[in-house]
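>>> structural data only, the sequence is not supplied:
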């Protein structure tokens with residue numbers, strides 16, 4: 001991996017993040033999830049996230065595990 005990989009919504013689901021797109025946007029606006037960006041300028045361009053940011057978010061969630 002180069003550290004610059006991206007992941008789309010389907011990729012998030014494969015990582016075990018099973019939130020719907022609307023909920024992910026809510027979390028992003030609250031600063032509780034990494035911000036997505038579009039691959040292109042057109043409206044149908046998919047939203048993607050940096051994979052490194054998603055892994056960092058997952059590690060943060062894991063550090064708050066219940067005993």
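Ah, there it is. What you see is a predicted model; the values in this text were computed from it and never measured.
>>> any idea which helix or strand comes after the lengthiest strand in the chain?
For the chain, the strand reaching the highest residue count under DSSP state E is reported as strand 47-50. Sequence-wise, the next helix or strand downstream of strand 47-50 (DSSP states H and E) is helix 51-62.
>>> phi, psi of residue 32?
Backbone torsions for residue 32, taken as degrees, to the nearest 10, come to phi -100, psi 0.
>>> could you check how many residues crowd around it?
Residue 32 has 11 neighbours, counted by other Cβ atoms under 10 Å. Glycine gets a C-beta too; all of them are placed from N, C-alpha and C.
>>> contact partners for residue 50?
Contacts for residue 50 (Cβ atoms under 8 Å, 6 or more residues apart in numbering) come out as 4-7, 34.
>>> now those: which count as buried?
Neighbour counting by 16 or more other Cβ atoms under 10 Å classes 6-7, 34 among these as buried.
>>> nearest to residue 25, of the residues you listed?
Nearest to residue 25 among these: residue 34, at 11.9 Å, using Cβ to Cβ.
>>> TSV for the contacts of residue 50, including secondary structure and distance to residue 60?
Listed next are the contacts of residue 50 as TSV, based on DSSP: H, G, I helix; E, B strand; the rest coil; distance: Cβ to Cβ, whole Å:
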residue	secondary structure	distance to residue 60
4	coil	20
5	coil	19
6	strand	20
7	strand	17
34	coil	10
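>>> and these as JSON lines, adding distance to residue 26 and pLDDT?
Formatted as JSON lines, the contacts of residue 50 follow (distance: Cβ to Cβ, whole Å; pLDDT from 0 to 100):
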{"residue": "4", "distance to residue 26": "27", "pLDDT": "88"}
{"residue": "5", "distance to residue 26": "25", "pLDDT": "95"}
{"residue": "6", "distance to residue 26": "21", "pLDDT": "96"}
{"residue": "7", "distance to residue 26": "19", "pLDDT": "97"}
{"residue": "34", "distance to residue 26": "14", "pLDDT": "98"}
